[in-house]
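Colleague: Compute the structure for the input listed below.
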Amino acid sequence: MSDEHELGFFERYLTLWVGLCIALGLILGQVYPQLADYIQAFDIAGYPVPVAIVLFLMIYPIMVQTDFEEIIRAGKSAKPITITLVLNWLVKPFTMAFIAWLFFRVFFSHLVGYDLGSDLMAGMILLGIAPCTAMVLVWGYLSRGNMGHVVVMVAINSLSMVFLYGPLAVLLLPVADVPVPLARVAFGVLAYVGLPLVAGYYTRKIMLQRHGEEEFEEFTEKLHFVSPTALLITIVVIVTPQSQIVLSNPLLVLLVLIPLTIQIFTIFAIGYSGSKMLGLKYADAAPSAQIAASNHFEVAIAMAITLFGIESGATLAAVTGMLIEVPIMLLLVQICLRTQDWFAKPAEADR
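Modeller: Next up, the predicted model:
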């Protein structure tokens with residue numbers, strides 16, 4: 001990705017479009033509740049196929065523009081990978097559990113009571129132990145990060161989740177024998193990492209070999225709005241089935257938004273400042289902090305429904321995480337873009 005890539009009008013106001021799409025999803029879920037049934041009627045391993053399709057369209061253009069030598073180099077760079085893994089598995093789950101406890105056992109305990117507070121805490125914890133989603137690839141792209149690092153970390157986090165999600169849930173939740181949705185995780189990785197990566201690799205290779213750099217650049221320019229447009233469609237598709245849960249509990253949504261917002265900013269600040277102190281260049285530091293701050297809310301929502309039921313406070317908390325994450329991550333992208341000069345130039349940084 002070129003350093004000259006500038007945010008156009010559409011991308012610059014992406015936060016506004018995201019907000020409108022969240023509102024549209026909530027409205028559609030109320031006016032046309034049958035849409036939720038249609039979206040969820042076609043699934044593989046419990047993963048709605050319409051979501052998989054729009055995720056593919058969201059990630060494919062980014063993969064086409066990714067130099068795959070970056071992925072190989074990123075896999076050999078121990079420092080950014082180590083920082084991201086430590087943040088995702090040794091820091092975030094425990095800060096999330098602490099912040100959830102602080103707000104629903106201390107600050108908001110008189111508003112929600114003990115049992116509901118426990119459910120809301122559980123939903124937040126399920127978010128905290130499910131690191132990053134396909135959308136991290138969009139955040140990394142928009143912030144001009146090292147896309148090789150982002151791709152590698154999404155893959156590593158997905159693999160790590162298979163082994164660590166269950167033990168961390170047992171440790172941090174008041175429940176035991178928590179099942180890991182292996183099929184759901186595997187299909188998710190295939191849909192939003194594997195297929196777009198393979199398709200992007202061969203598209204790039206064939207276009208450059210047969211048509212040259214100039215026509216390849218023209219082709220990628222035509223894909224410019226595909227990713228953000230697919231992101232907006234993804235939001236509508238994901239929010240619509242959760243409309244009833246959100247709109248029937250507006251006060252609880254607000255109460256969960258506050259600690260989740262604090263958690264996301266806290267983890268981002270730790271990751272971003274820690275990356276700077278450890279000498280990472282900006283292109284690695286930005287996605288490292290973003291990956292740590294984001295959550296795999298699709299898995300968290302599925303697990304909350306499985307363990308506590310669709311009407312539970314845990315499910316509401318997980319769905320709230322979905323609502324707040326995209327606008328906040330777009331804000332963090334802007335923060336990253338405005339603070340690039342805090343970091344050493346690539347030639348000076350120690351990878």
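Colleague: Near residue 338, how many other residues are there?
Modeller: Residues near residue 338, counting by other C-beta atoms under 10 Å, number 9. Placement of C-beta: from N, CA and C, glycine included.
Colleague: low pLDDT regions in the stretch 51-200 of the chain?
Modeller: Judged by pLDDT under 70, the stretch 51-200 of the chain has its weakly predicted residues at 66-76, 133-134, 159, 162, 174-193.
Colleague: now the helices for it?
Modeller: Taking DSSP state H, counting those that start in this stretch, the helices of the stretch 51-200 of the chain run over residues 68-75, 78-86, 92-102, 109-128, 135-142, 147-172, 182-189, 195-222.
Colleague: Any chance of those helices in TSV with distance to residue 259 as columns?
Modeller: Below are the helices of the stretch 51-200 of the chain laid out as TSV (distance: least, C-beta to C-beta, whole Å):
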stretch	distance to residue 259
helix 68-75	33
helix 78-86	22
helix 92-102	5
helix 109-128	7
helix 135-142	21
helix 147-172	15
helix 182-189	26
helix 195-222	33
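Colleague: which one of these is the most hemmed in?
Modeller: Mean neighbour counts were compared across the helices of the stretch 51-200 of the chain using mean count of other C-beta atoms under 10 Å; the top stretch is helix 135-142, at a mean of 26.
Colleague: What is that helix packed up against?
Modeller: With contacts taken as 3 or more C-beta pairs under 8 Å, 6 or more residues apart in numbering; DSSP states H and E, helix 135-142 sits against helix 49-64, helix 147-172, helix 226-239, helix 282-293, helix 313-338.
Colleague: need those helices in a markdown table with distance to residue 275, can you?
Modeller: Shown next, in a markdown table, are those (distance: least, C-beta to C-beta, whole Å):
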| stretch | distance to residue 275 |
| --- | --- |
| helix 49-64 | 22 |
| helix 147-172 | 11 |
| helix 226-239 | 25 |
| helix 282-293 | 4 |
| helix 313-338 | 11 |
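Colleague: wait, which of those helices is closest to residue 212?
Modeller: Minimum separation from residue 212 across the helices and strands packed on helix 135-142 (C-beta to C-beta) falls at helix 49-64, 15.3 Å.
Colleague: Output the closest one as PDB, restricted to C-alpha atoms.
Modeller: The C-alpha coordinates for helix 49-64 follow below in PDB (Å, rounded to 0.1, in the frame of the first residue of the first chain):
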ATOM      1  CA  VAL A  49     -23.500 -17.100   4.700                       C
ATOM      2  CA  PRO A  50     -24.600 -13.500   3.800                       C
ATOM      3  CA  VAL A  51     -22.100 -12.300   6.500                       C
ATOM      4  CA  ALA A  52     -19.400 -14.400   5.000                       C
ATOM      5  CA  ILE A  53     -20.000 -13.000   1.500                       C
ATOM      6  CA  VAL A  54     -19.900  -9.300   2.500                       C
ATOM      7  CA  LEU A  55     -16.800 -10.000   4.700                       C
ATOM      8  CA  PHE A  56     -15.100 -11.500   1.600                       C
ATOM      9  CA  LEU A  57     -16.000  -8.400  -0.400                       C
ATOM     10  CA  MET A  58     -14.600  -6.300   2.400                       C
ATOM     11  CA  ILE A  59     -11.300  -8.000   2.600                       C
ATOM     12  CA  TYR A  60     -10.600  -9.100  -1.000                       C
ATOM     13  CA  PRO A  61      -9.700  -5.600  -2.300                       C
ATOM     14  CA  ILE A  62      -7.200  -5.200   0.600                       C
ATOM     15  CA  MET A  63      -5.600  -8.500  -0.100                       C
ATOM     16  CA  VAL A  64      -5.200  -7.600  -3.800                       C
END
